[in-house]
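Novice: Would you be able to build a 3D model of this:
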Amino acid sequence: FLIDSSSQGLWAWASNVTAGPPGSSSVLQPAWDYLRQNHHNLLRSPLFPVALSVSTYFFLVGVYTALDLLAPAWPSVNRYRLHPDRPVTWPGIGTTLGVTAYNHMFYIFPAAVGQWLWRPPTPLPPQAPTLWEFSLGILGCMLVFDFQYYLWHLLHHRVPWLYRTFHAVHHEYRRPFSLVTQYLSGWELVSVGFWATVDPVLLRCHCLTTWGFMVVNVYVSTEDHCGYDFPWSMHNLVPFGLWGGAPKHDAHHRWPATNFAPFFSHWDQLGGTHMMPPTSGHGSDGDPKD
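Specialist: Down below sits the predicted model:
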């Protein structure tokens, strides 16, 4: 009885924290009302989630690429790079950007057209999710996606044919930078995009939560490949080593039998594939592409 009372009290406290002002069901409600009233047609379009993900990605890689080009002459930025002695080069930017453009033209664009033709307009419920529902929905999608991608990633490293045929292209860069995030085969891009699209549906998320997850997913994936260890990076904010982050994913590109999970670290720890990267991170092992 005491435990049940405590849990009810904790839930009530959490509900009060995430609730909006008196008479409002959510702190997100005013923003949601504004979006529905002023951008109704845009939000209902099946193309909106694609446009949101693509624009978020290119904005982030634009910021990181600018930092990459400025870093050699900007010590205050270069000191946060995992490999400050190996600058990102224009040929590397051109190659990764070319593959990214190809993938968007021949995979993302046809998928977007397909959604536009066959998917009905997105329903926009009048009620916004509570902040609690919004946060837990994003966290739930991340946990499900993390498990899916861990198994997919592990399988594509353990089965030589899968690795050679689909995943090897992503490992041509052993010291990744932001544009390597989508330096992928078409199969990998489609399968990862499929999970990111389906998981919010499986968890029955509000459309606002779904869009939030898409933005977070793109942000975290880009940060994993960015090649920087900033104080505000996710792995420095999440306690107890529960997060992967750029240093661990950089280690995966250099030691491919380790650190398969994209976000968290618990599956790698349970599966015996977890590895803490060397503190220096400045190896010089003759990589074919840096």
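Novice: mind checking pLDDT for Pro278?
Specialist: Looking at Pro278, its pLDDT stands at 77.
Novice: got a list of what the closest residue to it other than its chain neighbours touches?
Specialist: Leaving out its chain neighbours, the residue that sits closest to Pro278 by Cβ to Cβ, 6 or more residues apart in numbering is Ala251, at 7.7 Å. Where you see a C-beta, it was placed from the backbone N, CA and C, and this is true even at glycine. Under the criterion of Cβ atoms under 8 Å, 6 or more residues apart in numbering, the neighbours of Ala251 are Thr258, Asn259, Met275, Met276, Pro277, Pro278.
Novice: got these as CSV, with neighbour count columns?
Specialist: Formatted as CSV, the contacts of Ala251 follow (neighbours: other Cβ atoms under 10 Å):
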residue, neighbour count
Thr258, 19
Asn259, 26
Met275, 16
Met276, 12
Pro277, 21
Pro278, 12
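Novice: out of those, what pair is the most spread apart?
Specialist: With Cβ to Cβ as the measure, no two of the contacts of Ala251 lie farther apart than Asn259 and Pro278, at 12.9 Å.
Novice: Identify the residues contacting the helix or strand encompassing Leu60?
Specialist: Assigned by DSSP states H and E, Leu60 belongs to helix 48-70. Residues outside helix 48-70 that contact it (Cβ under 8 Å, 6+ apart) are 42, 77, 87-88, 93, 104, 108, 111-112, 115, 122, 177-179, 181-182, 196-197, 210-211, 214-215, 218-219, 222, 226-228.
Novice: Tell me where the protein has strands.
Specialist: Remark: no strands are assigned in the chain by DSSP state E.
Novice: tell me, what residue is most central in it?
Specialist: Centroid-nearest residue in the chain: Asn217, 2.8 Å away (criterion: Cα atoms, centre = their mean).
Novice: quick revisit: quick check: buried residues in the helix holding Leu60?
Specialist: 48-50, 52-53, 56-58, 60-61, 64-65, 67-68 (16 or more other Cβ atoms under 10 Å).
Novice: Stretch 160-176 too?
Specialist: Using 16+ other Cβ under 10 Å as the test for burial, stretch 160-176 gives Tyr163, Phe166, His167, His170, His171, Glu172, Tyr173, Arg174, Arg175, Pro176.
Novice: so how far is Leu143 from Gly272?
Specialist: 20 Å (Cβ to Cβ, to the nearest Å).
Novice: ugh, wrong one, Leu35
Specialist: Distance, Leu35 to Leu143, by Cβ to Cβ: 27 Å.
Novice: Now do the buried residues in the lengthiest helix in the chain.
Specialist: Ordering each helix of the chain by length in residues (DSSP state H) puts helix 131-158 first. For helix 131-158, burial by neighbour count (16+ other Cβ under 10 Å) applies to 131, 133-134, 136-138, 140-142, 144-150, 152-154, 156-157.
Novice: Point out where the protein drops to low pLDDT.
Specialist: Across the chain, the ranges flagged by pLDDT under 70 are 1-25, 279-290.
Novice: For it, which segments count as helices?
Specialist: With DSSP H as the criterion, the chain has helices spanning 2-18, 29-38, 40-44, 48-70, 75-78, 90-103, 109-118, 131-158, 160-162, 186-202, 207-225, 234-237, 245-254, 266-271.
Novice: contact partners of the last one?
Specialist: Going back to what we said before, that points to helix 266-271. Residues contacting helix 266-271 (Cβ under 8 Å, 6+ apart): Asp146, Phe147, Tyr150, Leu154, Leu242, Gly244, Thr258, Asn259, Phe260, Ala261, His274, Met275.
Novice: what's around the closest residue to the fourth one other than its chain neighbours, how many residues?
Specialist: Nearest residue to Leu154 in three dimensions, chain neighbours excluded: Phe260, at 5.0 Å (Cβ to Cβ, 6+ apart). For Phe260, the tally of surrounding residues (other Cβ atoms under 10 Å) stands at 24.
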